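**Student:** Below is the structure, and that's it, no one-letter string:
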């Protein structure tokens, strides 16, 4: 554990200041750069106190948008993103982003005002008990009861949110506490950072024994590997032992898809190409994998595979995830130690090459398909061509997410962002704002269906006003396409999934954004490139033909292994 003194632009002690200013100093000490939110009557002192600080308050148009901005900022930086709201409805609107952050393992601290302590025990205007409401979807949920508790509670909030496994924390600050004057000097607590310990040598030896006896091991790398920065160690491990590496949707990029031993991403709702790579495996080396990312029954249906679990914490219990050996500790160190302890190299399998060629063929089909509305494979191919290796795309939940997660070649961690824990719609536009603030040198693209776009499209105004350049690619089919796809697969028919849209170009322009409508397949790539080169907000409305959805699942259903 390393400890360093609190830092910030204010003195460590200020006798007589109010709690709002103390709270801001505590946030500064935690390294907070942005607070995303909307002011309310009960937290005006906190918002006012931010004016004299190094923290930028980003005024949003809906508290749900603030929570997604904070979540993506936290996911990319590893430091908790902060969102703020007033009591009652404002606080409740933060709930979805908090739940999304927990299920996606992203650090977030949600702050909300609350009515004065003297009226929280009874029926009172706008007062509901927020703490138990947030408790099931956060790592910790609490209310500040006395001013003296603020430094300890803020430190605990950030420590809890940022630990491994990260997630959301909720703090309610009653309005009378916020405005109270301090009777004694108080300041932020020192910030301590817990470092991952080296893995146990005994567990490495046990894992090596299992792996040495394997015939066909496969690696599954998850979000934890990306958070741990274990990508280089994963490449070393794969190259030394000659094993194939697949990733979860959240792990995309932690092992580059253009590496010859990359297998692709698993997580699709059917037995996809990459799943065939697991069918003949006898040992699964699960690196930073968390069960919420992907159901292990999809790759271990008969529970007959031996599993090595490499992570900072023990595996969740699941009948289809029987861990033979768990190696807890620093993931990169564990990979290097395990590779050094296994005295053999595995032969490359032909199945991996076949899987890679099938994925490449789909992308090539897309590049050569000039129909309009565009096929989703063409959209994925053009987005990949328009973005650099380190640029960031956020793929919102829907049919488009499935095509991106399956096909989008990803070369660096956290450059293809999805909500796969909760699979929340509407996160990508506000999330792109948080992503751009977290990584200002990267180009950022939010790819959304027209259904998810209209859920939080008001945040276009936030991006324009705050001068946060990004591109929003809206895939237009006037339908909740993923639900149509699922209904057709399960029921043979669909209903109640169609809707209409406003003129999306005029709508975007009314916010002050640039806007384009794609009318031919060949227009998308040059429009994307031009939009990404601009220092402004751009919306691109692109018609898409999801007839490819059922064609894909029919084709997958006709495949038979082993490859």
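**Tutor:** Arrived safely, thanks for sending. Given the structure is predicted, the values throughout are model-derived calculations rather than measurements.
**Student:** All the helices of the stretch 201-350 of the chain, residue numbers only.
**Tutor:** Along the stretch 201-350 of the chain, the segments classed as helices by DSSP state H, counting those that start in this stretch run 201-212, 223-227, 231-241, 273-279, 331-341, 350-367.
**Student:** what about residue 124, how many residues close to it?
**Tutor:** Counted by other Cβ atoms under 10 Å, the residues lying close to residue 124 total 12. (Glycine included, C-beta is placed from N, CA and C.)
**Student:** Can you name the residues that contact the closest residue to it other than its chain neighbours?
**Tutor:** Counting by Cβ to Cβ, 6 or more residues apart in numbering, the nearest residue to residue 124 once its immediate chain neighbours are dropped is residue 115, at 5.7 Å. Under the criterion of Cβ atoms under 8 Å, 6 or more residues apart in numbering, the contact partners of residue 115 comprise 42, 87, 124, 125, 126, 127, 174, 175.
**Student:** How about residue 22?
**Tutor:** With contact set as Cβ under 8 Å, 6+ apart, residue 22 has these partners: 14, 147, 150, 151, 182, 186, 187.
**Student:** before we move on, what about residue 250?
**Tutor:** Contacts of residue 250 were listed using Cβ under 8 Å, 6+ apart, and they are 104, 105, 222, 223, 226, 293, 418, 420, 421.
**Student:** Repeat the analysis, applying 10 Å as the threshold.
**Tutor:** Residues counted as contacts of residue 250 (Cβ atoms under 10 Å, 6 or more residues apart in numbering) are 75, 104-105, 221-227, 265, 267, 288-290, 292-294, 405, 413-414, 416-421.
**Student:** Also residue 404?
**Tutor:** Residues in contact with residue 404 (Cβ under 10 Å, 6+ apart) are 249, 252, 265, 376, 379-380, 383-384, 393-396, 398, 410, 416, 418, 447.
**Student:** Repeat the analysis, applying 7 Å as the threshold.
**Tutor:** Contacts of residue 404 were listed using Cβ atoms under 7 Å, 6 or more residues apart in numbering, and they are 380, 395, 416, 447.
**Student:** What of residue 105?
**Tutor:** Neighbouring residues of residue 105 by Cβ under 7 Å, 6+ apart: 165, 166, 167, 223, 227, 290.
**Student:** so what pLDDT did it get?
**Tutor:** On pLDDT, residue 105 comes in at 96.
**Student:** Assign a three-state SS to it, would you?
**Tutor:** coil (DSSP: H, G, I helix; E, B strand; the rest coil).
**Student:** gap between the residue nearest to residue 124 and residue 125?
**Tutor:** According to Cβ to Cβ, to the nearest Å, residue 115 and residue 125 sit 8 Å apart.
**Student:** Ok, residue 161 next?
**Tutor:** Applying Cβ to Cβ, one obtains 31 Å for the distance of residue 161 from residue 125.
**Student:** do the same with residue 207
**Tutor:** Computed with Cβ to Cβ, the distance linking residue 207 and residue 125 is 59 Å.
**Student:** Tell me, how many residues neighbour residue 526?
**Tutor:** Residues contacting residue 526 under the criterion other Cβ under 10 Å number 11.
**Student:** Need the three-state assignment for it.
**Tutor:** At residue 526 the chain is in helix, as set by three-state DSSP.
**Student:** give me the low-pLDDT residue ranges for the chain?
**Tutor:** When residues are selected by pLDDT under 70, those of the chain lie in 1-16, 560-563.
**Student:** The same query, at a cut-off of 80, please.
**Tutor:** Counting by pLDDT under 80, the low-confidence segments of the chain come to 1-16, 116-127, 194, 269, 348-349, 558-563.
**Student:** before we move on, the earlier item: ok, and which of the helices of the stretch 201-350 of the chain has the densest surroundings?
**Tutor:** Ranked by mean neighbour count, those are led by helix 223-227 with a mean of 28 (mean count of other Cβ atoms under 10 Å).
**Student:** what's in contact with it?
**Tutor:** If you take Cβ under 7 Å, 6+ apart as the criterion, helix 223-227 is touched by 78, 105, 234, 248, 250-251, 254, 287-290, 293, 311-312, 331, 413-414.
**Student:** Same check on stretch 287-300?
**Tutor:** 103, 105, 219-226, 228, 230, 234, 248-250, 266-267, 275, 278, 284, 310-311, 316, 318, 320-321, 331, 335, 420-421.
**Student:** hang on, the earlier thing: in strands, which of the contacts of residue 404 appear?
**Tutor:** Applying DSSP state E to the contacts of residue 404, the entries found in strands are 395, 416, 447.
**Student:** any idea how far residue 396 is from the last one?
**Tutor:** Per Cβ to Cβ, residue 447 is found 7 Å from residue 396.
**Student:** host element of residue 82?
**Tutor:** Using DSSP states H and E, residue 82 sits within strand 81-85.
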